[in-house]
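Novice: Everything below, folded, please.
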Amino acid sequence: MRKTIIGVMGPGNHPTEIDLHRAYRLGQLIAQEGWVLLTGGRKVGVMDAASKGAQAAGGLTVGILPDNNTSEISEAVDIAIITNMDSARNNINVLSSDVVIACGMGTGTASEVALALKNGKQVVLLTDDQDSQRFFSNLSPEQVFLVNSPEAAIKLVKELRIGNRESGIGN
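Specialist: The predicted model follows:
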């Protein structure tokens, strides 16, 4: 059975300290579950923090890079996928993830959440941005789940996985 891939998306530019702390913790918890962490792969923001957290906990990390600039790859990424697709790589991010967790919010993150919803993915929002919570919850209430901590996000992902075992999500 294939491994579960959890996509953690969030701002690369201008994340809050809370976003970074939550992302690091998410990475740790994802690794502790034996799941694979998928991020945007760069050495900035939420993607770097989540990758560092997963690596610190012995997890496997995959980074989907927007360009071929290898100097921008997070040192905590185990498998780097070079796309040279710029923001179009967001499709790969969400389509490769069994569940998407948005940690914080920015324009790229909003794009990833919208793509995930359009493709029928379940999205966990871990953000204090009430406008984003309201917008995405109204857009697709059956696919969007709001949480206030990394621990609550992981608990919810476990519950969502149990409901999706028949659809091919792995361990």
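Novice: buried sites along the lowest-mean-pLDDT helix or strand in the chain?
Specialist: Lowest on mean pLDDT, DSSP states H and E among the helices and strands of the chain sits helix 150-164, with a mean of 88. Along helix 150-164, these residues count as buried under the neighbour rule (16 or more other Cβ atoms under 10 Å): 150, 153, 154, 156, 157, 161. In short, each C-beta sits where N, CA and C put it, glycine included.
Novice: pretty sure residue 145 is in a helix, no?
Specialist: No: looking at residue 145 with DSSP: H, G, I helix; E, B strand; the rest coil, it is strand, so not inside a helix.
Novice: quick one on the thing from earlier: for the buried residues of helix 150-164, give me CSV that also has distance to residue 3.
Specialist: Output for those, formatted as CSV (distance: Cβ to Cβ, whole Å):
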residue, distance to residue 3
150, 20
153, 18
154, 15
156, 19
157, 13
161, 12
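Novice: out of these, who's nearest residue 23?
Specialist: Proximity of those to residue 23, judged by Cβ to Cβ, is greatest for residue 150, which lies at 8.2 Å.
Novice: Leaving out the residues flanking it, which one is nearest to that closest one?
Specialist: In this structure, residue 150 finds its nearest non-sequential neighbour in residue 25, 4.0 Å apart by Cβ to Cβ, 6 or more residues apart in numbering.
Novice: Return the set of buried residues in the helix or strand hosting that neighbour.
Specialist: Per DSSP states H and E: residue 25 is located in helix 17-32. Neighbour counts over helix 17-32 (16+ other Cβ under 10 Å) mark 19, 20, 22, 23, 24, 25, 26, 27, 28, 29, 30, 31 as buried.
Novice: For it, what is the distance to the chain centroid?
Specialist: 10 Å (Cα atoms, centre = their mean, to the nearest Å).
Novice: Packing partners of the one helix or strand residue 113 maps to?
Specialist: Using DSSP H and E, residue 113 maps to helix 107-118. When contacts are defined as 3 or more Cβ pairs under 8 Å, 6 or more residues apart in numbering; DSSP states H and E, helix 107-118 packs onto strand 5-9, helix 89-95, strand 99-103, strand 122-126, helix 130-139.
Novice: Could you point out which of the ones you listed sits nearest residue 78?
Specialist: Residue 78 lies closest, by Cβ to Cβ, to one member of the helices and strands packed on helix 107-118: strand 5-9, at 12.9 Å.
Novice: what helices or strands is the closest one leaning on?
Specialist: In terms of contacts (3+ Cβ pairs under 8 Å, 6+ apart), strand 5-9 is packed against helix 17-32, strand 36-39, helix 45-56, helix 89-95, strand 99-103, helix 107-118.
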